[in-house]
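**Q** I need the structure of the sequence given here:
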Amino acid sequence: MLVWSEAFSSRIEALEAERIVGGWSHAKKEAMIAGNWSFVSLLARPPRERFSASLETNGVLADAFRRADLSWA
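**A** From the prediction side, this is the model:
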C-alpha cells in the first residue's frame, strides 16, 4: 500500500531520499506521512534535547504531541 509519495527531478535524488528516509524511526516516518513536519523536526533532535522534566514546561513538545496522530501507536 502506497502511503506517501513525492516527485523528484532525477532518479538520483529519489534514491537519495529513499536512503535517508529508510534510516528513520517508525515514529518519524508516521509523522512524515501525516505531513506533521514540526514533529519530524522534533524527532530529528537528539533524545536529550526533545524532552524536559515535565511536558507542560516544554511548549514545543506538548504542542507537537497535540498535533501528532498517534492512532497507530
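**Q** Give the buried residues for the strand or helix carrying residue 28.
**A** Assigned by DSSP states H and E, residue 28 belongs to helix 26-33. Going by neighbour count (16 or more other CB atoms under 10 Å), the buried part of helix 26-33 is 27-32. Quick note: C-beta positions are derived from backbone N, CA and C, even for glycine.
**Q** For it, name the packing helices and strands.
**A** Secondary-structure packing of helix 26-33 (3 or more CB pairs under 8 Å, 6 or more residues apart in numbering; DSSP states H and E): helix 37-44.
**Q** export the helix it packs on as CSV, just CAs?
**A** Provided in CSV are the C-alpha atoms of helix 37-44 (Å, rounded to 0.1, in the frame of the first residue of the first chain):
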residue,chain,number,x,y,z
TRP,A,37,6.8,18.4,9.7
SER,A,38,7.2,20.0,13.1
PHE,A,39,7.0,16.6,14.8
VAL,A,40,9.5,15.2,12.2
SER,A,41,11.8,18.1,13.2
LEU,A,42,11.3,17.3,16.9
LEU,A,43,12.1,13.6,16.4
ALA,A,44,15.3,14.6,14.4
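**Q** relative orientation of that helix and helix 26-33 in degrees?
**A** 160 degrees (axes from the mean of the first three to the mean of the last three CA atoms, to 10 degrees).
**Q** what angle sits between the helix or strand harbouring residue 16 and helix 26-33?
**A** Element membership for residue 16 (DSSP H and E) is helix 11-22. Going by the same axes, to 10 degrees, helix 11-22 is angled at 130 degrees with respect to helix 26-33.
**Q** ok, and what's touching helix 11-22?
**A** Residues from elsewhere that reach helix 11-22 (CB atoms under 8 Å, 6 or more residues apart in numbering): 6, 8, 29, 32.
**Q** Just list the residues touching the third one, thanks.
**A** Yep, that's residue 29 we're talking about. Per CB under 8 Å, 6+ apart, neighbours of residue 29: residue 21.
**Q** And the first one, by the same measure?
**A** Under the criterion of CB under 8 Å, 6+ apart, the contact list for residue 6 reads residue 17.
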